[in-house]
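1. could you look at this predicted model? Sequence included:
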Amino acid sequence: MVGPISSVSATTGKLFPTTVLLDAEGKPTDIVLPSPYADNIAISGTLANHSGAVLNAFWRTLPGTSEKNPNRLIAVIDGDEGVIRFEGHQTMSNLCLYTPPKVYLNNLEVPLEDTPFVGNTGRNWAEFAKGEKGVYPTWEDAVKVHELVDAIEKSAEKGVRVTIG
């Protein structure tokens, strides 16, 4: 979303130790399983391509929906020319889906183009169909994402800032 991150410091927590499985219609079942993953992640990172820019992000998974505060992903980019804030409804389980976030530039909401719902997979296939002119994730992009996730996990586990790359 913001380009490569050169270092990261992370804190994770688990507020909800169990999860309820949903049926094919998305309704809760009687099956309750232990949740193996952190459901709250806070990261602070330095951006590799923008000297002095810092990313602060907080991602939480909430059971069900919350009308009081529906934002599960909050990211803030604080640079020398201002602040960009993203607020979205993405959760760990539906990150592969595209839900346009709210975007604020210096506390003013930036209107986004109203586009029909399209999942990441559909957008990627459409770009792939364009051949060399298409813009889609590569194997190298996947490796970078895994390096970032590994750095976040290591930072949270050891309580240290981790350099990436």
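-> Happy to help now that I have it.
2. measure residue 157 to residue 104 for me?
-> 32 Å (CB to CB, to the nearest Å). Bear in mind the C-beta positions are built from the backbone N, C-alpha and C, glycine included.
3. compare the two and say which one has the larger neighbour count.
-> Using other CB atoms under 10 Å, the more surrounded residue of residue 157 and residue 104 is residue 104, with 16 against 11.
4. which secondary structure state does that one sit in?
-> Put simply, residue 104 is strand when judged by DSSP: H, G, I helix; E, B strand; the rest coil.
5. before we move on, what about residue 155?
-> Assignment for residue 155 (three-state DSSP): helix.
6. next up, the contacts around it.
-> Counting by CB atoms under 8 Å, 6 or more residues apart in numbering, residue 155 touches 8, 9, 10, 43, 161, 162.
7. buried subset of the residues you listed as a ChimeraX selection?
-> Per 16 or more other CB atoms under 10 Å, the buried members of the contacts of residue 155 correspond to this ChimeraX selection:
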select :8,9,10,43,162
